[in-house]
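# return atomic coordinates for the entry below.
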Amino acid sequence: MSRIEECIDIAASPTTIFRFCHDATLRSKWDERVVSVELITPQPVRAGTLLSIDARHSSGPVFSWEAEYVGFQFPSRSELRVIDAAPSSWFSAGSEEWQFKSAGGGARLTLTWDYQPRGFLGRALDKLGRRASMQRVIKRSLINLKVMVEAG
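This is a model prediction of the structure:
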């Protein structure tokens, strides 16, 4: 598995950031990887909640993947596990963990994405720059999140 880990300090409480991050209607507004999110199971979001996510890498085609919250400890941690990813996805399996910790007058958000590139070509492309490109996109997304949360 490949891993990308990024963190950012946000001038808001862990509770505020946690709620913002788990609002499916807002995810595509700040996360540059996400085109849309649909809750498959009804609100509230909790362990066992299923989602369908339309995503895009750079300017490539949109692909869908389904995920389940396998960990959900409000307001400190959540973990999404990939259940199924479309064949057009460049990853075949993975998980995304979010940790929210108090830091100074705000909170530190750490996002850890473990993923399995799809096939031999996917593993090669991951090493040749796709991983670095995705890490930049995740950094920009976290900055977008920070700006939106801090703006209220």
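
# give me the phi and psi for Ala11.
Backbone geometry at Ala11, expressed as degrees, to the nearest 10, gives phi -80, psi 70.

# just Ile53 next, same as before
phi -120, psi 130.

# I figured it hits Ser64, correct?
Yes: with contact defined as Cβ atoms under 8 Å, Ile53 counts as touching Ser64 (6.7 Å). Glycine gets a C-beta too; all of them are placed from N, C-alpha and C.

# of those two, who's got more company?
Ile53 (22 against 16; other Cβ atoms under 10 Å).

# OK, contacts around the more buried one?
34, 36-38, 64-67 (Cβ atoms under 8 Å, 6 or more residues apart in numbering).

# most neighbours, which of those residues?
Neighbours here mean other Cβ under 10 Å. Within the contacts of Ile53, the largest count is held by Ala67, at 22 neighbours.

# A helix includes that one, no?
No: counting by DSSP: H, G, I helix; E, B strand; the rest coil, Ala67 is not part of a helix but strand.

# confidence score at the spatially most central residue of the chain?
For the chain, Glu96 is the residue whose C-alpha lies nearest the centre (Cα atoms, centre = their mean; 5.8 Å). We have a pLDDT of 96 for Glu96.

# do the same with Ser89
The per-residue pLDDT reported for Ser89 equals 88.

# report how many residues lie close to it.
Residue neighbour count, defined by other Cβ under 10 Å, stands at 20 for Ser89.

# lowest average confidence, helix or strand, in the protein?
Within the chain, no helix or strand scores below helix 119-125, which has a mean of 92 by mean pLDDT, DSSP states H and E.

# can I get that one in CSV, CA atoms only?
Presented in CSV, the C-alpha positions along helix 119-125 are these (Å, rounded to 0.1, in the frame of the first residue of the first chain):
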residue,chain,number,x,y,z
GLY,A,119,-2.3,-2.9,-11.4
PHE,A,120,1.4,-2.9,-12.6
LEU,A,121,0.9,0.3,-14.6
GLY,A,122,-0.8,2.0,-11.7
ARG,A,123,2.1,1.1,-9.4
ALA,A,124,4.6,2.4,-11.9
LEU,A,125,2.7,5.7,-12.5
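
# now for it, which elements pack on it?
strand 91-103 (3 or more Cβ pairs under 8 Å, 6 or more residues apart in numbering; DSSP states H and E).
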